[in-house]
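Enquirer: Here is a sequence together with a model predicted from it:
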Amino acid sequence: MTREPSRTCLGCRQVRARRALVRLVRRSDGVVVADPHGTAAGRGAWVCPEESCLERALQPGRLAHAFRKPCEAGKNLSEEVRGLWPQR
């Protein structure tokens with residue numbers, strides 16, 4: 001029996017199954033974008049597609065702490081994350 005990978009949500013800090021979360025990635029220019037397939041290179045952060053989790057995850061300093069480098073959220077990051085959820 002295999003165990004499903006789990007990740008911690010950046011917003012609510014609850015451990016959930018990886019398939020229930022959306023992966024965020026920091027591009028080389030410092031902008032954080034959603035990773036729809038979960039395969040982009042580099043360090044990732046995970047967030048629930050719920051509004052309250054997104055709001056907390058996008059608070060100042062949360063993304064920089066998760067990626068261990070200065071970064072900023074992409075223009076439409078919250079819309080991207082919400083748009084990815086029905087596809088999963």
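Expert: Everything's here; your move.
Enquirer: what separates the helix or strand of the chain with the lowest mean pLDDT from the chain centre, distance-wise?
Expert: Every helix and strand in the chain was compared by mean pLDDT, DSSP states H and E; the lowest is helix 77-84, with a mean of 83. On the basis of CA atoms, centre = their mean, to the nearest Å, the separation between the geometric centre of helix 77-84 and that of its chain is 10 Å.
Enquirer: where exactly do the helices run in this protein?
Expert: In the chain, the helices defined using DSSP state H lie at 51-57, 62-67, 77-84.
Enquirer: Enumerate the positions of the shortest one that are buried.
Expert: For helix 62-67, burial by neighbour count (16 or more other CB atoms under 10 Å) applies to Arg62, Leu63, Ala66, Phe67. Quick note: C-beta positions are derived from backbone N, CA and C, even for glycine.
Enquirer: okay, those residues in a markdown table with distance to Val22 and pLDDT next?
Expert: Output for the buried residues of helix 62-67, formatted as a markdown table (distance: CB to CB, whole Å; pLDDT from 0 to 100):
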| residue | distance to Val22 | pLDDT |
| --- | --- | --- |
| Arg62 | 15 | 93 |
| Leu63 | 14 | 93 |
| Ala66 | 13 | 94 |
| Phe67 | 15 | 94 |
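Enquirer: Which pair in those residues has the greatest spatial separation?
Expert: Pairwise distances across the buried residues of helix 62-67 (CB to CB) peak at 9.8 Å, for the pair Arg62 and Phe67.
Enquirer: what about Arg23, distance to Phe67?
Expert: When distance is defined by CB to CB, to the nearest Å, Arg23 is 12 Å away from Phe67.
Enquirer: ok, Leu77 - contacts?
Expert: By CB atoms under 8 Å, 6 or more residues apart in numbering, the contact set of Leu77 is Leu24, Val32, Val33, Ala34, Leu58.
Enquirer: looking at it, Val33 is touching Glu80, isn't it?
Expert: Yes: under the criterion of CB atoms under 8 Å, Val33 makes contact with Glu80 at 6.9 Å.
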